[in-house]
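>>> Fold the following.
(chains A and B)
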There are 2 protein chains.
Amino acid sequence: YAPTRCAAAQTSVEQGILPPCHHHEAVHDPQLVPCTCPLFSCPWEGHLEVVVSHLRQTHRINILQGAEIVFLATDMHLPAPTDWIIMHSCLGHQFLLVLRKQEKYEGHPQFFATMMLIGTPTQADNFTYRLELNRNQRRLKWEATPRSVLECVDSVISDGDCLVLNTSLAQLFSDNGSLAIGIAITTSKVHNAEAEM
Amino acid sequence: YAPTRCAAAQTSVEQGILPPCHHHEAVHDPQLVPCTCPLFSCPWEGHLEVVVSHLRQTHRINILQGAEIVFLATDMHLPAPTDWIIMHSCLGHQFLLVLRKQEKYEGHPQFFATMMLIGTPTQADNFTYRLELNRNQRRLKWEATPRSVLECVDSVISDGDCLVLNTSLAQLFSDNGSLAIGIAITTSKVHNAEAEM
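Just a heads-up that it's a prediction; the model follows:
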């Protein structure tokens, strides 16, 4: 690999220089995926099996383990665009949580959170993820099927098919500039039979 | 009463002519509340005890009963600003669900949903309301303490302290242009002792 160009899981880049979505480019080997780390123009590509070690080693993305975990995203005040990224190891798979602060409407940053399976879309269909915020006598829960990292996280977020928070809600759920996101993964009932790895 | 100026619970008014929030005006008798029906410039005011009959008779707002109900908001495509309003009778009280389509950012309508207790703020603190959307393998839940109708629904919505849906999410949760909102009211644990009426 090239030396780490972007060492932190949580970083801020200048507006407007979001790299184009790698997945729209031609990929010769369908099993070969580009680096799935959002917001970075990382030239790496490799097989699904080595995506986790690439994210850990090159981008220093941490892994949390357990069926239910809490991820603390700090410094929510950082200017958009900013990504907070964590890997979640659970049920024999690794998932990627992406929390993105982005200005869809100029001057009005919003937070978007979604989970991607580091695996194929067929495997992703076997799971349900839940993101939960809970503070100040308010609770917000989002449940959905994770997407595969073979799909593009940018399009998931631009489609708005994820947990969306306005700044005001993000502040209500934040404590001292940090947002605690409860994450749980379960196997989808319908696919339980196929969920064996 | 004056004859019904605005007969439907679901109506669309021209943009930009939202009436100012009545509750910012001077109210001589603190027990006397203006009409709580949002979006309408209704000259009525009366005591809390008669708000329900005013909403029913003048604004033809329906009442649904039960601890858990489903409200079907139809014609979600109507232009902003539009309000969908229903009363929910539960645990000896009446609650007002307000679903509003509004353009906070020009050209980008969003949906805002909140529940108000037709009662005092102290009474409202005894309850928790839950709004739930469930469709297309996605689920979104919002839980919070209802506000009192003595507070202003406009400020709750402009503060964003409510369930907020972008158009794309609203479409994912809609079926044939209709949004089914599951509503549940419970008494808050902390206040259970005082929750007796």
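>>> Can you list the residue ranges for helices in chain A?
Secondary structure of chain A (DSSP state H): helices located at A:51-57, A:121-124, A:153-159, A:167-173.
>>> do you know which of those lies nearest chain B?
helix A:167-173 (3.6 Å; Cβ to the nearest Cβ). No exception for glycine: its C-beta is placed from N, CA and C like everyone else's.
>>> then the closest one to CSV, C-alphas only?
The C-alpha trace of helix A:167-173 is given here as CSV (Å, rounded to 0.1, in the frame of the first residue of the first chain):
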residue,chain,number,x,y,z
THR,A,167,-28.8,19.6,13.3
SER,A,168,-31.4,20.4,15.9
LEU,A,169,-32.3,16.8,16.5
ALA,A,170,-28.6,15.8,16.5
GLN,A,171,-28.0,18.4,19.2
LEU,A,172,-30.9,17.1,21.3
PHE,A,173,-29.4,13.6,21.2
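>>> Show me what that helix is packed up against.
Using 3 or more Cβ pairs under 8 Å, 6 or more residues apart in numbering or on different chains; DSSP states H and E, the elements in contact with helix A:167-173 are strand A:108-117, strand A:127-135, strand A:138-144, strand A:178-187.
>>> Output the below-cut-off pLDDT ranges for chain A.
Chain A contains residues with pLDDT under 70 at A:1-31, A:36-40, A:189-197.
>>> List, one by one, the residues from it near chain B.
Counting by Cβ under 8 Å from any Cβ of the partner chain, chain A comes close to chain B at A:104-105, A:108, A:128, A:137-145, A:159-161, A:164-169, A:172, A:188.
>>> just the helices and strands packed on helix A:167-173: most buried one?
strand A:108-117 (a mean of 22; mean count of other Cβ atoms under 10 Å in any protein chain shown).
>>> what angle sits between it and strand A:178-187?
Put simply, strand A:108-117 runs at 30 degrees to strand A:178-187, going by axes from the mean of the first three to the mean of the last three Cα atoms, to 10 degrees.
>>> so how far is strand A:108-117 off the chain centroid?
7 Å (Cα atoms, centre = their mean, to the nearest Å).
>>> So what are the sheet partners of that strand and their directions?
Using DSSP bridges, strand A:108-117 pairs in its sheet with strand A:93-105 (antiparallel), strand A:147-148 (parallel), strand A:163-166 (antiparallel).
>>> Reformat those strands as TSV; add mean neighbour count.
Shown next, in TSV, are the strands paired with strand A:108-117 (neighbours: other Cβ atoms under 10 Å in any protein chain shown):
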stretch	mean neighbour count
strand A:93-105	20
strand A:147-148	20
strand A:163-166	23
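>>> Among the helices of chain A, which comes closest to A:L91?
Among those, the nearest to A:L91 by Cβ to Cβ is helix A:121-124 (10.7 Å).
>>> And the closest one, what's buried?
Residues A:Q123, A:A124 are the ones in helix A:121-124 that count as buried (16 or more other Cβ atoms under 10 Å in any protein chain shown).
>>> elements contacting it?
Judged by 3+ Cβ pairs under 8 Å, 6+ apart, the packing partners of helix A:121-124 are strand A:108-117, strand A:147-148.
>>> wait, which of these is closest to B:L64?
Of all those, strand A:108-117 comes closest under Cβ to Cβ, at 32.2 Å.
>>> would a markdown table of the helices and strands packed on helix A:121-124 with distance to A:T58 be doable?
Shown next, in a markdown table, are these (distance: least, Cβ to Cβ, whole Å):
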| stretch | distance to A:T58 |
| --- | --- |
| strand A:108-117 | 17 |
| strand A:147-148 | 21 |
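>>> Contacts only, for A:H108.
A:N166, A:T167, B:K104, B:Y105 (Cβ atoms under 8 Å, 6 or more residues apart in numbering or on different chains).
>>> Relative to A:T120, which of the residues you listed is nearest.
Ranked by distance to A:T120 (Cβ to Cβ), the contacts of A:H108 are led by A:N166 at 33.7 Å.
>>> Not including adjacent chain positions, what is the nearest residue to the closest one?
In this structure, A:N166 finds its nearest non-sequential neighbour in B:G160, 4.6 Å apart by Cβ to Cβ, 6 or more residues apart in numbering or on different chains.
>>> you'd agree that neighbour is up against A:L165?
No: in this structure, B:G160 is not within contact of A:L165 by Cβ atoms under 8 Å, at 9.1 Å.
>>> Give me the common contacts of those two.
With Cβ under 8 Å, 6+ apart, B:G160 and A:L165 have no common neighbours.
>>> Return the distance of the residue nearest to the spatial centre of chain A relative to A:L172.
Compute the mean C-alpha point of chain A, and by Cα atoms, centre = their mean the closest residue is A:V98, 2.1 Å away. To A:L172, A:V98 is 22 Å away according to Cβ to Cβ, to the nearest Å.
>>> What of A:R56?
A:R56 is 33 Å from A:L172, by Cβ to Cβ.
>>> Among those two, which residue is more densely surrounded?
A:L172 (19 against 14; other Cβ atoms under 10 Å in any protein chain shown).
>>> got a list of what that one touches?
A:R135, A:N136, A:R138, B:D161.
>>> give the contact list for the last one.
Taking Cβ under 8 Å, 6+ apart, we find B:D161 in contact with A:R138, A:S168, A:L169, A:L172, B:T114, B:A144.
>>> Could you give the bridge partners of A:T128?
With DSSP bridges as the rule, A:T128 is bridged to A:T186.
>>> I figured it hits A:T186, correct?
Yes: if you go by Cβ under 8 Å, A:T128 and A:T186 touch, sitting 5.1 Å apart.
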